[in-house]
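J.: dropping the sequence and predicted coords here.
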Amino acid sequence: MQMHQIRYFLALCEERNFTRAARRSGVSQPSLTNGIIALERELGGALFQRKPAIALTVLGYAMQPYLSRIAENADHARQAAQALAERRAHPQRTLVGLELEGNEPSAHGECVHVGRQQVGVVTSGTRSPVLKKNIALCRMNVQYAEPGTEVEVGKLDGHRKRIPAAVVRFPFYDPDKTRPRS
């Protein structure tokens, strides 16, 4: 059983005419007829009574709700795949580096704010002995991910104590890879 055969069956159920169903499906009438015949052969009986007028048989009536559900599920799966592809092409969040002011390091799960709006979450943070600064990685809205953007990392409940920070490029140490390696 193939998807195009199911779509041909459903089009023929609604149109009750092979020519109109073929036009609606975007195929020639013999292709639609061959698809219906192959589906009937696979299911083990006639789905349509062809004379005097096209009508569903008992098997056709029994199969119609199942085949309709299959077509709907295929449409939902296609829409979900398109939504995922769209989200991958245009992500809402991205991973950025933060340099925190002060001596208190950030920790996993702390919220990142611009004003009162939460724009990200810290994924990891530590004190860098090479840079002598507190650094963190943060999953942040792409709107605020430009290097140099001033943000605040919320401690405790995210509102009472905030540490100023700035979005920076990472890797934090030599992001342009200009230092010679020995």
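T.: Happy to help now that I have it.

J.: which SSE is the nearest residue to Ser124 once chain neighbours are set aside in?
T.: For Ser124, ignoring the flanking residues on the chain, the nearest one in space by CB to CB, 6 or more residues apart in numbering is Leu137 at 5.1 Å. C-betas here are computed from N, CA, C, even on glycine. Secondary structure from DSSP states H and E places Leu137 in strand 133-141.

J.: Arg23 too?
T.: With secondary structure defined by DSSP H and E, Arg23 is part of helix 18-25.

J.: that helix: what's the following helix or strand?
T.: Taking DSSP H and E as the definition, the helix or strand that follows helix 18-25 towards the C-terminus is helix 29-43.

J.: mean confidence for that next one?
T.: Helix 29-43 shows a mean pLDDT of 93 in the predicted model.

J.: using PDB, list the CA coordinates for it.
T.: This file holds the C-alpha atoms of helix 29-43, laid out as PDB (Å, rounded to 0.1, in the frame of the first residue of the first chain):
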ATOM      1  CA  GLN A  29      -7.000   8.700 -15.500                       C
ATOM      2  CA  PRO A  30      -5.300   5.400 -16.400                       C
ATOM      3  CA  SER A  31      -2.700   6.000 -13.700                       C
ATOM      4  CA  LEU A  32      -5.400   6.600 -11.100                       C
ATOM      5  CA  THR A  33      -7.300   3.500 -12.300                       C
ATOM      6  CA  ASN A  34      -4.100   1.300 -12.000                       C
ATOM      7  CA  GLY A  35      -3.400   2.700  -8.500                       C
ATOM      8  CA  ILE A  36      -7.000   1.800  -7.400                       C
ATOM      9  CA  ILE A  37      -6.700  -1.700  -8.900                       C
ATOM     10  CA  ALA A  38      -3.400  -2.300  -7.200                       C
ATOM     11  CA  LEU A  39      -4.900  -1.100  -3.900                       C
ATOM     12  CA  GLU A  40      -7.900  -3.400  -4.400                       C
ATOM     13  CA  ARG A  41      -5.600  -6.300  -5.200                       C
ATOM     14  CA  GLU A  42      -3.600  -5.700  -2.000                       C
ATOM     15  CA  LEU A  43      -6.700  -5.400   0.200                       C
END
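
J.: could you identify the helix or strand that succeeds it?
T.: Elements were assigned by DSSP H and E; along the chain past helix 29-43, the next helix or strand is strand 48-49.

J.: adjacent strands (with direction) for that following strand?
T.: As defined by DSSP bridges, the strand partners of strand 48-49 come to strand 55-56 (antiparallel).
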